[in-house]
Structures are given as structure tokens and as C-alpha cells.
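Peer 1: sequence first, predicted coordinates after that:
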Amino acid sequence: MLELGSQERGLRGERKVNARRTSVVLYVVVVVVLVWTLFPIFWLASTSFKPYYEVYHQPPLLAPEHPTLDNWNWIFFGGSSYANLGNQTLQHVIPVNLIITGQGAFLNSLVVNTLATLLALLVGIPAAYSLTRFGTGGKNLGYWILSIRFLPSITIVFSLFLFFNSLNLLDTHAALIWAYAGINLPFVIWSLAAFFEEIPSAIDDAACVDGAGRAQILFRFVLPLAGPAVAATAIFTFVLGWNELLIALILTRNVAVTLPVALTAWNTATVGMLYGPLSAMGLLAVLPGVILAFYLQRYIVRGLTMGAVKG
Amino acid sequence: MQGDKRTSYLFVLPAILVLLVLTTFPIVYTFYLSFFKVIPSSFAQKSFPFAGLQNYITVLSDIDFWQSILHTLYMVFFAVTIECGIGLGLALVFTREFRVKKWVIPILIIPTLIVPIAAGYTFKLFFTLNYGILSYLSNVLTGQTIPWLMNGSYATWAIIITDVWEWSPFMFMMLLAGTTGIPNEIVEAAQLDGAGSRMMFTNVILPMLRPVILVALLVRSIDASKLFDIIYMLTGGGPGNSTLTLTFYIFNQNFVYFNQGYGAAASLVMLIVIMLATNVFIRAGAWFPGKRSAR
């Protein structure tokens, strides 16, 4: 008996050591992953406050030695004191229109994606409701919509270019709003369908008995219940558009340029890549994603798989 | 309810119209263009000379086209495999509870939510030859500078590394959702039966995760095959054609060489491949309202 007891004690002690060892491993892993994830963003932020000569400093500087707002000044107001550009004015270095892109591109991205998201929701909410509650169009309609989610936009972007060109809508907000609403619509419909499905249709039936029409049921009863889900879907749609490059690159030129497109413009033909202002603008473009991560984490698995996997 | 049938169609009609005009019609038009010789001068005349199958013949006999497909497959295979490995490892680590978990997870998903072109730019800053932090580190550690973006195979791996940074969190979140979905009773039962941690992994956890892994792999592979933004920033398809992917090949045909007929033909080939993959995916996912089972 006594032997058994001591053996037991020994086992327990061993387990404790093991547990401590695994928790050390755990925290090492967590720290490594956090550094791997955050270092690029930290580097972006750090570079955006470096004066020109420090960007090219060897060894690379973790933090700016002489922090400056030059780069930010440049992307917002077009002013710069970059030494090596000498007496070249900014107009010689990058196209005139891009001087405005700090504010202009930010506003464009904001306006285009807000309206595109609203449009996609306006069209997508009733469609998702109809698909889940009535099974409209059977499986084929659903598959058709789903397959568009995987459509590579490179295969349609030239057609879209010709289409909006024939409507005289190139380089306008309207073109981008319609394009993004269309391309993100399958995502909106499928995400919402997954959420609507979880709302018992008994609610609809009860409202129906009370004499409410379908539109009324959807907007007065079902939608408020799905409120957080609709908000998450909306924010996801916004982020998808905010991050999109290819279509905006082709459909815009000067006026309706969005942030991702504006970012590409700092890779100039005359003086190469302008790392300072690019970092500032990059940070500006990245911020919404960083902030929204905390809100979206509960929905990200559902969002990215449109409800196929529940997070 | 009376009139439900009409309402149900009215509700989906706007969506169908928007999708037809903005996605399906452009595909049909791409298909149409693929049979015509589209050159800038024919734009002015508003008519394209008919080319029959010439575009397809040209594209399919273009070595660059086949190479771009190989490059795409190479990058997708390695990027998605590494992402899946990292995601699985992290998901297993994160099944344990620890104090700061609530704060760590949102931070880890940041890369998937930020602008890909900005991620590409940041990594360009790392990989740049003379003042990038990576070339500095490799110089200090080995005395040699790796010409990340100047050499084809290094450049390919620079792109893969960037993609891994951006998308591993997606795999992680998917598989974390999968592992938390495994019922505790099953794990405990296996433990009682004396399963060690390795047996637990291969015989219990992995089989339970299979459907989720399958969905994750398919979604990620299809999305990764469209890879464009990172390459646009990092290499522009170069050096030479060494990082030219299929998307970039079509982009160049359409907007650099202005051979939109070739671009359209190549687009059609890409569409067919993606559609086949999507089909596998839809069947695997059991993805229908009321039949969502993957968990």
C-alpha cells in the first residue's frame, strides 16, 4: 500500500513538471507567432515616420532616430522635403493626380465601399431570405450564385472595362460601386443565408398569421434578430472591397482611384520605389483591417467560408 | 401564405439581375472575345476581325502560358501546404486555455484582413537587396546576401513566404473551429483507452478534422490560384518570367501587350479549371441551406 502511494505521488510530480514544460512551450509559441504577425505592421509604421535617409540606413533601424511627419505630410498635402529629389518638384516624380491620393484615395475607398456594401445588402438580404425560406430556384440557383464567389476577377475585368467604357462610366465611383456590389453579392447572399437559417421559421409563420406581408416579416422581424450577423456580413463586404486591387486598377485612372491603386503609384519610373510615403499610405490602408480584427474574430471563420464551417 | 411564390421570385430578382449584368454577362463577353482578334486599332472601328480558334491555338502553344500554369501550381501547392501545416500546429496549441488567448487570436487574424498590396509592399521592404532587413540579417549571419527578388527561385519563395504570412491565420482559424468542434467525450474516451498524444492526433483528431481541412484546403487553393496583388508589388512577374502566374499572364496579355483576344482565350482556360475545382468543392462541402454539415 505504502509503495503504491509513493508511486502515485511520483506520477503526480512528473505530471506537474510536464505541465510546466508544456506551458513554457505554449508561451514561447505564442510570442513567436505574435512577433511574426506584428513585425511587418510595426515595420510599416516605423518606416512611415523615418526621414528619407533613415529608410536606407544600414544596419536597418528598428525605430526612427529622427522621427518625422514628412511622409504623412507628403501623402496628405503633397509637401515633401526629400533631400535626394533635389530641385525636382513632385510633379516631375509622380503623376500630378496622385498628389491628392492621400486624402482623395482614402475618401474614394470609403465612399465606394460604403455604397457598394449598402447596395449589395439591399439586393442580397431579400435574395438570401428567399433562398432559405422558399428554396427559390432550387439547388441550381444556389450553385450558380456560389460558383460566382470563386470567379477569378481577372477573367471578367476586361469585359467590365469595355462595359463601363460604353456607358461612359470609367474612372467614376459608380462603376466601382456596381462592380464591387456585383462581385461581392454571392458572398453577401451565402453568408446571410447561413445566418437566416438559424432563425426559426416559426417566427415568420406567427407574423404571417398576424397578417404581415413577407417584406414586413423580413425587415421588421427576421432582420432585427439577425442584426449582429448582418453587421458582420456588411463589415466583411466592406473589407473585401477595401482590399481589392485588380478591378480598381483597371476601372479607375485619376478621379476614382482607391487606396490599393494609389499605393501602386509610389513605385515610380523616375526615382524608383518611394518607401517613406508608401509606408505612410500603406499604414493608412491597413488600419481598418487591424481595428476590425477584434470585432470580426467571432465571425471570421463563417465569413471566409460563407457559413460552411461554423466558428 | 398566399402570394408567397410571387414574393419569393420578386425577392431574388434584383440579385439575379445584378449578377447577370456584372458577372455572367462579362464571362459570356470574354468567351465571345476569345474568338476575335482584338487589337487597339480595331477599337476605333468598333469591330473585331473574326479569328476562329486562332487565339486558343496561339495561347496553348505559348510556352509562357504553360509556364505560368506551372508557376501557379508550384506556388499554390507550397503556400497552401505550409499554411495548412502552420494552421494545424497553431490550432492544436490553441485548443488549450491560457490567460491571454482572448487577445492573441484577434491579433493573429490581422494579416488576413489587411490590404494584400500593402502586405506585399511591406515584404518588399524586407526583401529589398541593399537595405532590406532580411538581406542585412543574412549578411550578418552567413556573410552572404540572398538576392531575394533578383533570382527566380528566391523570388518565388519570397512570394510564397508573403502569402504564408497573409493566409496562415485563415487555416488556423478554420482548424481551430474544427478542433473546438470535436466533442470532449471522444477525446476523454480515447484517453481512458490509453491513447498517447501521437495516437490521439493520428487516430482521433485528424480524422475528426478531415471535413474542415478539406473545405479549408479547397477554398484556399482556389483563392491562392488567383494570386495577383502580392506579385504585382513584389516582382511584377519577374525576374524574366520566373514568377509569372496565370492571372499575371492574362493581365499582361490584356493590359500590357494589348492582345485581349489571347487574354480572353487564356481566361476561358482558367475559368474551366477553376470551375472544375469549385465543383469538387461544392460537392465536398454539402453546402446547402439546411444541409451544411462540415463541422
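Peer 2: Alright, I've got the coordinates. All values derive from a computational prediction rather than experimental measurement. Numbering: from 1, shown residues only, chains lettered A, B, ... in the order given.
Peer 1: so where's the stretch 51-200 of chain A uncertain?
Peer 2: Scanning the stretch 51-200 of chain A for pLDDT under 70 picks out the ranges A:78-102.
Peer 1: residue in it nearest to chain B?
Peer 2: residue A:182 (2.8 Å; Cβ to the nearest Cβ). (Each C-beta comes from the backbone N, C-alpha and C, glycine too.)
Peer 1: now that residue: closest residue in space that isn't a chain neighbour?
Peer 2: Nearest residue to residue A:182, sequence neighbours excluded (Cβ to Cβ, 6 or more residues apart in numbering or on different chains): residue B:22, at 2.8 Å.
Peer 1: residue A:137 now?
Peer 2: Excluding the flanking residues, the one nearest residue A:137 by Cβ to Cβ, 6+ apart is residue B:12, at 6.6 Å.
Peer 1: against which helices or strands is the helix or strand encompassing the one you found packed?
Peer 2: Assigned by DSSP states H and E, residue B:12 falls within helix B:4-19. Here helix B:4-19 touches helix A:101-134, helix A:138-149, helix A:173-196, helix A:214-216, going by 3 or more Cβ pairs under 8 Å, 6 or more residues apart in numbering or on different chains; DSSP states H and E.
Peer 1: from what I see, residue B:8 and residue A:130 are in contact.
Peer 2: Yes. Counting by Cβ atoms under 8 Å, residue A:130 is a contact partner of residue B:8 at 4.8 Å.
Peer 1: between these two, which contacts overlap?
Peer 2: Each of residue A:136 lies in contact with both residue B:8 and residue A:130 under the rule Cβ atoms under 8 Å, 6 or more residues apart in numbering or on different chains.
Peer 1: residues contacting the residue nearest to residue A:182?
Peer 2: Per Cβ under 8 Å, 6+ apart, neighbours of residue B:22: A:160, A:178, A:179, A:181, A:182, A:183.
Peer 1: residue of chain B nearest chain A, please.
Peer 2: Counting by Cβ to the nearest Cβ, chain B gets nearest chain A through residue B:22, at 2.8 Å.
Peer 1: could you check the pLDDT of that residue?
Peer 2: For residue B:22, the pLDDT comes out at 94.
Peer 1: got it, and residue B:286?
Peer 2: 47.
Peer 1: also residue B:267?
Peer 2: 94.
Peer 1: in terms of helices and strands, where is it?
Peer 2: helix B:260-285.
Peer 1: next, the angle helix A:138-149 makes with that helix.
Peer 2: 130 degrees (axes from the mean of the first three to the mean of the last three Cα atoms, to 10 degrees).
Peer 1: care to break chain A down by domain?
Peer 2: A:2-48, A:96-305 (automatic domain parsing).
Peer 1: tell me how far the longest one is from the chain's mean position?
Peer 2: Going back to what we said before, that points to domain A:96-305. Put simply, domain A:96-305 sits 9 Å off its chain's centre (Cα atoms, centre = their mean, to the nearest Å).
Peer 1: distance-wise, check residue A:35 relative to residue B:104.
Peer 2: 12 Å (Cβ to Cβ, to the nearest Å).
Peer 1: just want the most central residue of the chain.
Peer 2: The chain I'm using is chain A. Centroid check for chain A by Cα atoms, centre = their mean gives residue A:239 as the closest residue, at 2.9 Å.
Peer 1: nope, chain B please
Peer 2: Note: chain B centre (Cα atoms, centre = their mean) maps to residue B:224, 1.5 Å.
Peer 1: quick check: phi and psi at that one.
Peer 2: When quoted as degrees, to the nearest 10, the phi and psi of residue B:224 stand at phi -70, psi -30.
Peer 1: tell me the spatial nearest neighbour of it, not counting adjacent residues.
Peer 2: That would be residue B:76: by Cβ to Cβ, 6+ apart, it lies 4.6 Å from residue B:224.
Peer 1: tell me where the model's unsure across the stretch 1-150 of chain B.
Peer 2: In the stretch 1-150 of chain B, residues with pLDDT under 70: B:1-3, B:40-46.
Peer 1: what's near enough to touch the nearest residue to residue A:242 once chain neighbours are set aside?
Peer 2: Sequence neighbours aside, residue A:113 is the residue nearest to residue A:242 in space, at 5.2 Å (criterion: Cβ to Cβ, 6+ apart). Contacts for residue A:113 (Cβ under 8 Å, 6+ apart) come out as A:180, A:238, A:241, A:242.
Peer 1: perfect, that will be all.
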